[in-house]
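Visitor: sequence and predicted model, in that order:
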Amino acid sequence: MNEPNLPMNASNWDAEIHIVPAEPKPPRTFRSHDTVAALLAFVAAFLLVRFVLYGISFWSTVVLMLLAVGCYAYVRCNGCRPQGMQHVTGIIMLLFPLVFSLTSGSGLRGLCLVFQILATAWWLRSVSQKTGFVTRFFLPDLLAACVKLPMEEYAAGVEVLRTAPKNARVARSVATIGLGLLGTIPLTFLVGALLASADAGVEQWLERLLDADLGRLLWQLILSVPIGLWLYALLYGISNGRLCSDAEYETAMQKCRVFPALGLYAALIPIFVLYFVYVISQIQYYCAAFVGELPETMSFADYARRGFFELCVLAVINLGLILVLTGCSKRESDKRPIALRLFATVLCLLTLFLIATALAKMGMYIDAYGLTRLRLYTAWFMVLLAICFVVLLVRQYVTRIPTAAILATAFLVGFLGLCAVRPDALIASYNISRYEDGTLKELDVDMLCDLSSDAYVVMAEHWDTVCEVDSDSWQGNFVERVKAEERTLPDLRLQAYVDRLEETYAEQLHNE
């Protein structure tokens, strides 16, 4: 048998292969309050599912406020204390759930729920890790706090209940009872079905229970289990997990700088040529968006919509190109080369021009046909995107500006402003006011009736105008909305309007 060729300078006969095992992950350690926190996480998860995901009422505000207070209590039990700007962000986290009582817009409430979760996770991270308002690598840190650490510690909730200390007998008993009840759900359904078939009285009793939406309640209980595990994993992971330092991020960024700068410049030149040719060839077409003149053989709708969303996509693509150009190009030092700055500057300026054109086109469209949710949210997003490109443009020449802090503050102010104006109320008020002034030719009542109670309050204030446009659609939708089970401030205001409107429009409401 042929011997393998081995290096001449190696002691092959006595050589030993030493395999260094991977460093094992240290076992989880729990404190006395972790068992209570894990149990309360499941309770909070059920309340979130029932009153936030499946309900629109003042209880949404109460549940989210209690969750914020619980997070504060957990970090204090861990020996952490908020400092500096963390008090401000903590107050925002505590008071922001008031939005769920002040507005009933479903789209806005969804965005608010995501914002509340992200803000809570970041506040926990900043207090537990003793960081400032934002970090230099804000977005990666936020993703790690909300995704990476909870995934790593997802089983912590089960482990802390299973290994609860002997003196926590109540907690272990509650956990055992809960798991036992959860495991007997299928058998309970089977027994109930058999008893209902055997006795008419039992069948009627079970039907009354099912009419009370028992199936929905059971589904909410089941859904609260994985959400409860995630909530406790979020608390435990952020408080006890290790996050990357700036030096580690810098090392990772250095590894990403693998593309030759000259190759990236060459790749951008054809794109620049296309941009310049397009802008020059369409300069008159673009200028029409700014002066409000309509091109021949084209309606307002066709002109405003044509190319708008394509320009939005191009702006997002350009943002990615700038990030690749500045983050993935090889450099001899941390200082950015002049050529890189020039290419990034041109790309920022072209994108700002595209954003300005898109916003001007959208302005023409809104002026001709009024506001909708899509038009309002798209315009809001494009304004934030423009701020992002302005900051990136300045950063090419002033590298020490706090980019993450500026962008985070801009988004925070913009989002809080969006919540303050209550988009559905703004849409209804804008369209109705312009219709009454004669500057809007048509009032889309069906579109307004698809909005939340925020819009219905505004429409009720202009009852005669809305009835003049589409009386049947408005009154029918108004009665249905008043009968809805939603309980927010706009819904209470609608109930107050009913008492006043019944005197004037009693016959119309009773006929509906």
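Guide: Perfect, thanks for sending it. Numbers count the residues shown, from 1 in each chain.

Visitor: from now on I want contacts and neighbour counts done on CA atoms only, so please keep to that.
Guide: Noted.

Visitor: the residue nearest the centre of the chain: what's it in contact with?
Guide: The residue lying closest to the centre of the chain (Cα atoms, centre = their mean) is Val114, at 3.5 Å. Taking Cα atoms under 8 Å, 6 or more residues apart in numbering as the definition of contact, Val114 has no neighbours.

Visitor: for it, pull up the helix or strand it's in.
Guide: Assigned by DSSP states H and E, Val114 belongs to helix 106-129.

Visitor: pLDDT of that helix, averaged?
Guide: Averaging pLDDT along helix 106-129 yields 86.

Visitor: for that helix, output the C-alpha coordinates as CSV.
Guide: Taking C-alpha atoms only, helix 106-129 is exported to CSV below (Å, rounded to 0.1, in the frame of the first residue of the first chain):
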residue,chain,number,x,y,z
SER,A,106,-56.2,49.9,11.8
GLY,A,107,-53.2,50.7,9.6
LEU,A,108,-51.8,53.2,12.0
ARG,A,109,-52.5,51.0,15.1
GLY,A,110,-50.4,48.2,13.4
LEU,A,111,-47.5,50.6,12.9
CYS,A,112,-47.9,51.8,16.5
LEU,A,113,-47.7,48.3,17.8
VAL,A,114,-44.5,47.6,15.9
PHE,A,115,-43.1,50.9,17.1
GLN,A,116,-44.0,50.1,20.7
ILE,A,117,-42.4,46.7,20.6
LEU,A,118,-39.2,48.1,19.0
ALA,A,119,-39.1,51.0,21.4
THR,A,120,-39.5,48.7,24.4
ALA,A,121,-36.8,46.3,23.2
TRP,A,122,-34.4,49.2,22.6
TRP,A,123,-35.1,50.8,26.0
LEU,A,124,-34.4,47.4,27.7
ARG,A,125,-31.2,47.1,25.8
SER,A,126,-30.0,50.6,26.6
VAL,A,127,-30.8,50.3,30.3
SER,A,128,-29.4,46.8,30.7
GLN,A,129,-26.3,47.4,28.6
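
Visitor: one step back: from Gly84, how far out is the residue nearest to the centre of the chain?
Guide: 25 Å (Cα to Cα, to the nearest Å).

Visitor: domains for the chain, by residue range?
Guide: Following the assignment in automatic domain parsing, the chain carries domains at 32-241, 257-419, 424-511.

Visitor: these: which one's closest to Ala247?
Guide: Comparing the domains of the chain against Ala247 with Cα to Cα, the closest turns out to be domain 32-241 (10.7 Å).

Visitor: can you give me the strands for the protein?
Guide: Counting by DSSP state E, the chain has no strands at all.

Visitor: buried residues in the longest helix seen in it?
Guide: If you go by DSSP state H, the chain has its longest helix at helix 338-369. Neighbour counts over helix 338-369 (16 or more other Cα atoms under 10 Å) mark 340-341, 343-345, 347-348, 350-369 as buried.

Visitor: how about the domains of the chain in CSV, adding distance to Thr251?
Guide: Supplementary listing: the domains of the chain in CSV, determined by distance: least, Cα to Cα, whole Å:
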stretch, distance to Thr251
domain 32-241, 13
domain 257-419, 10
domain 424-511, 46
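
Visitor: ok, which of these comes nearest Glu248?
Guide: domain 32-241 (10.8 Å).

Visitor: so how far is that closest one from its chain's centroid?
Guide: For domain 32-241, the distance from its own C-alpha centre to the chain's C-alpha centre is 17 Å (Cα atoms, centre = their mean, to the nearest Å).

Visitor: can I assume Glu153 is in contact with Leu235?
Guide: No - in this structure, Glu153 is not within contact of Leu235 by Cα atoms under 8 Å, at 9.5 Å.

Visitor: pick out whichever of the two has more residues nearby.
Guide: Ranked by neighbour count (other Cα atoms under 10 Å), Glu153 and Leu235 place Leu235 first, with 27 against 22.

Visitor: any idea how far Ile117 is from that one?
Guide: 12 Å.

Visitor: which parts of stretch 218-232 are buried?
Guide: 220-221, 224-225, 227-232.

Visitor: got a markdown table for those, with pLDDT and distance to Val391 too?
Guide: Shown next, in a markdown table, are the buried residues of stretch 218-232 (pLDDT from 0 to 100; distance: Cα to Cα, whole Å):
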| residue | pLDDT | distance to Val391 |
| --- | --- | --- |
| Gln220 | 81 | 44 |
| Leu221 | 82 | 46 |
| Ser224 | 87 | 41 |
| Val225 | 87 | 43 |
| Ile227 | 90 | 37 |
| Gly228 | 89 | 39 |
| Leu229 | 89 | 39 |
| Trp230 | 90 | 35 |
| Leu231 | 90 | 35 |
| Tyr232 | 90 | 37 |
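
Visitor: in helices only, show me these.
Guide: 220-221, 224-225, 227-232.

Visitor: widest-spaced pair of these?
Guide: Taking every pair in those and measuring Cα to Cα, the maximum separation is 18.0 Å, between Gln220 and Tyr232.

Visitor: tell me the contacts of the spatially closest residue to Phe138 that is not a sequence neighbour?
Guide: Using Cα to Cα, 6 or more residues apart in numbering and skipping the chain neighbours, the partner closest in space to Phe138 is Ala404 (6.2 Å). Contact partners of Ala404, counting by Cα under 8 Å, 6+ apart, are 134-138.

Visitor: now do Ala404 against Leu342, distance only.
Guide: Ala404 is 22 Å from Leu342, by Cα to Cα.

Visitor: fine, thanks again, bye for now.
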